[in-house]
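Novice: Take a look and give me a structure for this.
(one chain, ligands or ions: 1)
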Amino acid sequence: MLLAGRLQPAEIAIDGEGRIASVRRTQTGAPRHDVGDAVILPAATDLHVHFRDPGAEGAAESIATGTISAALGGVGLVAEMPNTVPPVTSVELLEEKARRVAGRAAVDVALNALPRPATIPPLASRAGGFKIFLSPSPPIDTVPSLDELPSLLAQLAPAGLPVTVHAEDPQRFRTEIVPQDPPGWGRVRPPESERQAIERLGEAPPGLRLHVAHVTTRDAVVWLGARGISCEVVPHHLLLSDRSGPDARWKVNPPLRSETDRAALWGAFVRGEAPIVASDHAPHPPSAKEGDFAQAPSGMPGVETMLPLLLEKVRAGELPLAVLVAAACDRPARWLGQPVGRIAPGHRANLVVVDFRSRRPLAARELSTACGWTAFEGWTAIRPVEHWRDGVPIVEGGSYVGRPSGRVVRPEFAPGATPLVEAGT
Ligand SMILES: [Zn+2]
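Specialist: Now for the predicted structure:
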């Protein structure tokens with residue numbers, strides 16, 4: 001397993017509560033489970049998923065299907081976004097979504113709420129975090145302006161919860177362009193609109209746990225890092241450019257960028273400059289992506305393929321394993337204040353077993369996600385062989401064998417803990 005930054009043989013003792021009791025070269029005790037020379041990693045935490053639950057009629061995912069997809073992809077904790085139907089703007093709606101997790105979720109779920117000035121205090125005592133959309137994202141059509149943003153952030157700071165921002169300035173969108181393909185979509189929503197929104201976050205109150213979703217340029221990653229603001233990069237911006245695919249399956253927000261921008265973002269990720277990787281899993285039904293490009297919704301599925309695609313990059317020698325584990329497992333778990341993401345005593349035994357020889361092309365028909373397609377069809381990937389949750393297997397031989405024991409979790413921060421901001425390894 002990966003210990004102190006390098007792979008070494010070791011045995012993990014798990015206590016009766018499903019927590020890691022100790023990690024040593026050899027352990028005594030029974031029962032024992034031997035994974036041979038496969039690699040044990042902490043299960044990943046995905047800070048950005050949309051499970052459409054509750055959702056519009058015909059939604060291509062639910063908390064039940066999405067969390068099984070996560071489990072198969074080696075993700076043991078997801079942060080669910082509040083732009084469901086209706087959006088999560090009140091304690092009542094948050095609790096309605098929490099009821100959909102209980103008895104249905106395969107992995108743990110942190111629930112984000114949409115901040116409205118009047119409902120911030122009651123939501124702060126129940127939500128797992130807040131999400132601010134600075135550009136409209138269905139079904140949210142009214143968003144705060146950049147001038148209203150500092151006051152909203154000031155109201156959120158006392159809550160102490162993670163605040164995630166979708167940072168694109170709609171005032172900079174070139175809505176006169178009718179996009180026909182991903183490069184056209186990139187012209188409608190250029191990197192400049194992202195930069196304008198991100199730069200306003202420099203006015204955020206100190207101490208706010210601020211995180212920027214799906215950053216697409218290396219410049220933005222570096223700018224945020226220098227100011228102690230967390231951010232995530234997502235596999236589609238790391239691995240795909242605006243020339244990777246011609247149709248609306250490759251339409252995402254923010255858009256796929258040029259190959260030059262993609263390569264720079266990938267380089268930043270490999271060097272550990274981007275603190276967190278998340279999927280922005282947005283499972284649209286295939287029919288929604290088949291029509292007119294300009295009308296098609298933005299987003300692509302990813303929670304089940306994020307770790308497998310990046311594990312293949314590790315195998316190929318293009319990405320250090322320690323960088324991936326820090327960005328996919330450790331830092332996002334600490335961002336949510338959860339005792340997962342590390343193979344260390346006291347942490348929950350949420351673990352995945354990876355056999356780096358078990359490489360296969362991705363095929364949508366073999367994925368669990370209910371939307372039934374992937375933009376990474378045919379890409380070589382390494383899917384976890386096993387996934388353990390609290391010391392109990394939920395994936396064996398690459399198949400889901402778990403029960404819906406996932407819970408709603410909320411951040412548990414030690415008093416006075418400072419926000420997690422550091423990148424590097
Ligand atoms: Zn999203």
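Novice: make it CA atoms for all contacts and neighbour counts henceforth
Specialist: Fine.
Novice: residues in contact with the helix or strand encompassing Ile12?
Specialist: According to DSSP states H and E, Ile12 maps onto strand 11-14. Contact with strand 11-14 is made by Ile20, Ala21, Ser22, Val23, Arg24, Arg25, Thr26, Gln27, Ala349, Gly391, as judged by C-alpha atoms under 8 Å, 6 or more residues apart in numbering.
Novice: ends of stretch 64-83, how far apart?
Specialist: For stretch 64-83, the first-to-last residue distance is 18 Å (C-alpha to C-alpha, to the nearest Å).
Novice: Tell me the gap between that stretch and the middle of its chain.
Specialist: 9 Å (C-alpha atoms, centre = their mean, to the nearest Å).
Novice: That one - what's its average pLDDT?
Specialist: The average of the pLDDT scores along stretch 64-83 is 97.
Novice: Now do the buried residues in the helix or strand hosting Trp266.
Specialist: Trp266 is part of helix 259-270, with elements assigned from DSSP H and E. For helix 259-270, the neighbour count (16 or more other C-alpha atoms under 10 Å) marks Glu259, Asp261, Arg262, Ala263, Ala264, Leu265, Trp266, Gly267, Ala268, Phe269, Val270 as buried.
Novice: And stretch 86-100, by the same measure?
Specialist: Pro87, Val88, Thr89, Ser90, Val91, Leu93, Leu94, Lys97, Ala98, Arg100.
Novice: do the same with stretch 8-15
Specialist: The neighbour-count check on stretch 8-15 (16+ other C-alpha under 10 Å) flags Glu11, Ile12, Ala13, Ile14, Asp15 as buried.
Novice: Dump the C-alpha coordinates for the strand holding Ile12 into CSV.
Specialist: In CSV, the C-alpha atoms belonging to strand 11-14 read as follows (Å, rounded to 0.1, in the frame of the first residue of the first chain):
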residue,chain,number,x,y,z
GLU,A,11,-1.0,-5.2,6.9
ILE,A,12,-4.0,-3.2,8.2
ALA,A,13,-5.8,-4.2,11.4
ILE,A,14,-9.4,-3.2,11.4
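Novice: Quick one: residues in contact with the helix or strand following it.
Specialist: Note on strand 11-14: by DSSP H and E, the next helix or strand toward the C-terminus is strand 20-24. Outside strand 20-24, the residues that touch it by C-alpha under 8 Å, 6+ apart are 10-15, 343-349.
Novice: ok, now with 6 Å
Specialist: The contact list for strand 20-24, computed with C-alpha atoms under 6 Å, 6 or more residues apart in numbering, reads Ala10, Glu11, Ile12, Ala13, Ile14, Asp15, Pro345, Gly346, His347, Arg348, Ala349.
Novice: same question, stretch 186-201
Specialist: Ala167, Glu168, Asp169, Arg172, Phe173, Arg174, Pro255.
Novice: repeat that for 7 Å
Specialist: 146, 167-170, 172-175, 177, 220, 254-257 (C-alpha atoms under 7 Å, 6 or more residues apart in numbering).
Novice: Sheet partners, orientation included, of the lowest-mean-pLDDT helix or strand in the chain?
Specialist: Confidence across the helices and strands of the chain bottoms out at strand 2-3, with a mean of 78, counting by mean pLDDT, DSSP states H and E. Under the criterion DSSP bridges, strand 2-3 sits next to strand 6-7 (antiparallel) in its sheet.
Novice: and Ala118, how many residues sit next to it?
Specialist: Using other C-alpha atoms under 10 Å, Ala118 has 10 other residues around it.
Novice: how near is it to Gln155?
Specialist: 10 Å.
Novice: For Gly354, which residues are in contact?
Specialist: Actually, residue 354 is Val rather than Gly. Ala38, Val39, Ile40, Pro384, Val385.
Novice: let's see it at 6 Å
Specialist: Ala38, Val39, Pro384, Val385.
Novice: Just among those, which is most surrounded?
Specialist: Pro384 (30 neighbours).
Novice: Show the contacting residues for it.
Specialist: Val353, Val354.
Novice: how does it look with 7 Å?
Specialist: Gly73, Gly74, Val352, Val353, Val354, Gly398.
Novice: same check, this time on Pro42
Specialist: Cys329, Gly341, Arg342, Ile343, Asn350, Leu351, Val352.
Novice: I'd like these laid out as JSON lines, including distance to Pro150, secondary structure and pLDDT.
Specialist: Formatted as JSON lines, the contacts of Pro42 follow (distance: C-alpha to C-alpha, whole Å; DSSP: H, G, I helix; E, B strand; the rest coil; pLDDT from 0 to 100):
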{"residue": "Cys329", "distance to Pro150": "31", "secondary structure": "helix", "pLDDT": "98"}
{"residue": "Gly341", "distance to Pro150": "32", "secondary structure": "coil", "pLDDT": "96"}
{"residue": "Arg342", "distance to Pro150": "35", "secondary structure": "coil", "pLDDT": "95"}
{"residue": "Ile343", "distance to Pro150": "39", "secondary structure": "coil", "pLDDT": "95"}
{"residue": "Asn350", "distance to Pro150": "38", "secondary structure": "coil", "pLDDT": "98"}
{"residue": "Leu351", "distance to Pro150": "40", "secondary structure": "strand", "pLDDT": "98"}
{"residue": "Val352", "distance to Pro150": "41", "secondary structure": "strand", "pLDDT": "98"}
